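Engineer: my questions are about this predicted structure, shown below with the sequence.
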Amino acid sequence: MAVKLRVSGIGKDYLIPVIETVSFGVEAGEFVCLLGPNGCGKTTLLRIIGGIEPATRGAVLLDEQPVVAGDAPSRKVGVVFQEDRLLPWMTLEQNVALVLKPLGLGADARREVARRHLALAGLGGFEHYYPGRVSGGMRQRTAIARALAIEPDVLLMDEPFGALDAQNRRIMQTEVRRIWKETGRTILFVTHSIEEAVAIGTTLVMLSARPSRIRELIRNDGRVARGQLIDDLNTMIMEEVERQQGGAAVTPRAKERE
Amino acid sequence: MAERAEGRGAARRAARSLDAWADRLHLPTLAVAGLAVGVWALLSWRYGAYVLPSPLAVVRGLGEILSTGEVWTHTGASLARILVGFGGAVALAILTGLAAFVSPRARAVVHDVLAVLNATSVFVWIVLSIVWFGLSHWAPIFTTLMLTLPVVASNIVEGVESVDRRLLEMGDVYRLGGREKFRAIVIPSTVPYLVAGMKVGFGLALKVSVVAEIFGVTSGIGYIMNYSREILATQMVFVWALVMVLVMMLTDKLVFDAVARRLSRWR
Ligand SMILES: Nc1ncnc2c1ncn2[C@@H]1O[C@H](COP(=O)(O)OP(=O)(O)OP(=O)(O)O)[C@@H](O)[C@H]1O
Ligand SMILES: [Mg+2]
């Protein structure tokens, strides 16, 4: 399979260094889950990959093309933010149809595509509802439908189910996995839930405490039993959380040298 | 026992629905108004018609200007001036909002200028407009413009500033062009602020333009009120005050509330 996305030596400094260096490759059709303690830079990494924010170091290649923050004529990236970010004054259908405009589709084609993707997300019949009149889960599904409608090269999702209760979360996990299987998109998915990652990801990337690097990259191909994998990841994240709380001065490298 | 309780419940329900109706018809307000008219009649009888004309005289005066059509002449003249002055203020305010949206530096300037305008008294503009425009239509028009501009502009600028950055970022991610972002995100988030500003601004325009009409013009509600006072027809002062209140309440209900309702369809 071809490498769809290459993250090479990405680093980011704000006032403090947040991401030290992160490199990995993603093949087309992979479902990558990003895990890591709070504030380790998962959102930042996703924003850099999406071209929303510039990196301090390193490069992101999408289909061999560099992703440049601010301008990017060739990228087609679907992003599902932690909040739905729908326009409240537009119906669900209009919200989805809006992002199809830059693709040069006519009004009828846009409506057709929007309806198809809303139906795919289980929202058939709700096309003319305003976001304020549907449930939080339905808004989040609309945001997912919007991201899928542009037929993105990569789909980036930042804790898209963070606001949902356990029940809806499970429903949405199944839903996203079904959509992923049906469309074969490449997905990068940030989550706090190890169970969620193990349940839906094909590749699991565990980031270390800030300034972050990759602590572990695991192929979730069934060779390690799920229960075992969940236990291992839980141990790792406990260590990283502890390390992060131990103070920003203790970098992973400093630990290693001890 | 149970029956009695039920009967009481029904009676209470009936009483409650009567109360609801009374509230909907503003009956309590009407009661207070009736009381006020009573006191007014008494005071008028005690102090004489020059100081306080009787309610009856006012009603008769209102009938008179309605039948002669005088009410339309002066209300029309005032409204025409307001439309020009206030309309100009709205147009300028929109330009101001655009500038504030495009450039942060312009926004800072706009803030400062609006602070100064907000702190300037009506009287300054009335006097200056007479100096600059003489005794003409343009004096009340200019006064109205200068006084309503900061109100409407402050609202628009606030609207522009409150545009959700996260929505704009969403627009960037999905590669919406500048014009598309403006149409789909900026305008819908700003228009409610514009309408709110216009509602307040229009009320202010009506109140201010009539004051400016005292000087130099020979039509308009402000002119005719002052004229009535000069010819000792105090009841007509009351009549025109009543007309003003009615115009204000009607535009509020029929124009601004309707527009605001239409804009918030999606809520
Ligand atoms: N615009 C910014 N300016 C300064 N610092 C920032 C900025 N954005 C993020 N940071 C810092 O970068 C670090 C990583 O933030 P980020 O949001 O990427 O973490 P995260 O892994 O997504 O955390 P969470 O699990 O809580 O969502 C935090 O310490 C944060 O304070
Ligand atoms: Mg985050």
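Structural biologist: Ah, there it is. Numbers count the residues shown, from 1 in each chain, chains lettered A, B, ... in the order given. Ligands and ions are numbered 1, 2, ... in the order given.

Engineer: all helices of chain B, in order?
Structural biologist: B:2-24, B:27-47, B:55-68, B:70-102, B:104-118, B:122-133, B:138-161, B:165-173, B:178-181, B:187-212, B:221-230, B:234-251, B:258-263 (DSSP state H).

Engineer: tell me how far residue B:206 lies from residue B:237.
Structural biologist: Residue B:206 sits 17 Å away from residue B:237, going by CB to CB, to the nearest Å. The way it works is simple: take the backbone N, C-alpha and C, and place the C-beta from them, glycine included.

Engineer: ah, wrong one, I meant residue A:11
Structural biologist: 77 Å.

Engineer: between residue B:206 and residue B:237, who's got more neighbours?
Structural biologist: Using other CB atoms under 10 Å in any protein chain shown as the criterion, residue B:206 and residue B:237 rank with residue B:206 on top: 21 against 18.

Engineer: gap between the more buried one and residue A:197?
Structural biologist: Where residue A:197 is concerned, residue B:206 sits at a distance of 63 Å (CB to CB).

Engineer: touching, residue B:146 and residue B:117? I think so.
Structural biologist: Yes: with contacts counted by CB atoms under 8 Å, residue B:146 reaches residue B:117, the gap being 7.1 Å.

Engineer: the two - which one has more neighbours?
Structural biologist: Each of residue B:146 and residue B:117 has its neighbours counted (other CB under 10 Å); residue B:146 has more, 21 against 16.

Engineer: name the nearest residue to the more buried one, sequence neighbours excluded.
Structural biologist: residue B:125 (4.6 Å; CB to CB, 6 or more residues apart in numbering or on different chains).

Engineer: ok, that neighbour to ligand 1 distance?
Structural biologist: 45 Å (CB to the nearest ligand atom, to the nearest Å).

Engineer: now do residue B:240
Structural biologist: Residue B:240 is 59 Å from ligand 1, by CB to the nearest ligand atom.

Engineer: alpha carbons of stretch A:111-129, as CSV, please.
Structural biologist: Output of stretch A:111-129 as CSV, limited to C-alpha atoms (Å, rounded to 0.1, in the frame of the first residue of the first chain):
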residue,chain,number,x,y,z
ARG,A,111,-27.5,19.2,-2.4
GLU,A,112,-27.3,15.7,-3.7
VAL,A,113,-23.9,15.0,-2.2
ALA,A,114,-24.9,16.5,1.1
ARG,A,115,-28.0,14.4,1.3
ARG,A,116,-26.1,11.3,0.5
HIS,A,117,-23.6,11.8,3.2
LEU,A,118,-26.2,12.9,5.8
ALA,A,119,-28.0,9.6,5.0
LEU,A,120,-24.7,7.7,5.4
ALA,A,121,-24.4,9.3,8.9
GLY,A,122,-27.9,8.1,9.8
LEU,A,123,-29.4,11.6,9.4
GLY,A,124,-31.9,10.9,6.6
GLY,A,125,-35.0,13.0,7.2
PHE,A,126,-33.2,15.6,9.2
GLU,A,127,-31.8,17.5,6.3
HIS,A,128,-33.8,20.6,6.9
TYR,A,129,-33.3,20.8,10.6
